[in-house]
Structure formats: C-alpha cells, structure tokens
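Enquirer: No letters, just coordinates:
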C-alpha cells in the first residue's frame, strides 16, 4: 500500500485546491491556470493509486464499489490537455480541483 500524504503534503494539496476553486472571482491568466493545472495533475497522480487500491478491495457490485469506480473512471478520463479558451480552461481546472478534493477527502488524513 502506498503511504498516505503527510500532513504537510495534504495541506499543500488543500491550498492548491482552494486556490483553483477561487480563480473564478478575478481575472486569471492562462499561465496561472496552466500552472495550477500542472499542480493538480501531479496531486491527482499521487493520490489516485491509493484510491484505486481501496476501490479494488471493495466487493465488486456493491453500491460503495460502484460509486468509487464511477468517480475514479471520471478522474482517469479527465486527461485532455488544458483548453486554449480561458473560460474552458477555468472550467477544466475547477473540475480537476473537485476531483482532487474528492481524492483527498476519501484517501488522505484530515488537514
């Protein structure tokens, strides 16, 4: 089993998520969005293996397994490059932040 993020790592991930979800409230450059997107992708990559392992341990066909498998599938499928349109890029970053938040909430110690 992969070790969980340490308290500092979880806090760093949470700060990234909070920043990404607050970007809608001001002007945001594509450079800033691309930077946040990169951080979120790395955080998801570090949290995803443990989430997949936890889902694999559940009884296949159970409601819990079905829910987790559905969310994990959505996270895995959200791998396209960041769109070039600022509004579309913002929406992508926000969705990636929500995915990251779910992983953090489900598979990391509290911040």
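Expert: Cool, the structure landed. Computed from a prediction, not measured in an experiment: that's the story for all the values here. Numbers count the residues shown, from 1 in each chain.
Enquirer: For the spatially most central residue of the chain, give me its contacts.
Expert: Central residue of the chain (CA atoms, centre = their mean): residue 100, 1.8 Å from the mean position. Shown in contact with residue 100 (CB atoms under 8 Å, 6 or more residues apart in numbering): 13, 16, 17, 40, 43, 44, 47. (Glycine included, C-beta is placed from N, CA and C.)
Enquirer: Quick check: of those residues, which lies closest to residue 84?
Expert: Distance to residue 84, by CB to CB, is smallest for residue 40 among the contacts of residue 100, at 18.0 Å.
Enquirer: thinking again about what came up before, quick one: buried ones out of the contacts of residue 100?
Expert: 13, 16, 17, 40, 43, 44, 47 (16 or more other CB atoms under 10 Å).
Enquirer: Point out where the chain drops to low pLDDT.
Expert: Counting by pLDDT under 70, the chain shows low-confidence ranges at 1-8, 108-111.
Enquirer: Helices of that one, start to end?
Expert: 7-21, 30-57, 63-77, 86-107 (DSSP state H).
Enquirer: ranking the ones you listed by burial, who's on top?
Expert: When those are scored by mean count of other CB atoms under 10 Å, the highest mean neighbour count falls to helix 86-107 (a mean of 18).
Enquirer: okay, the angle between it and helix 30-57?
Expert: On the basis of axes from the mean of the first three to the mean of the last three CA atoms, to 10 degrees, helix 86-107 is oriented at 30 degrees to helix 30-57.
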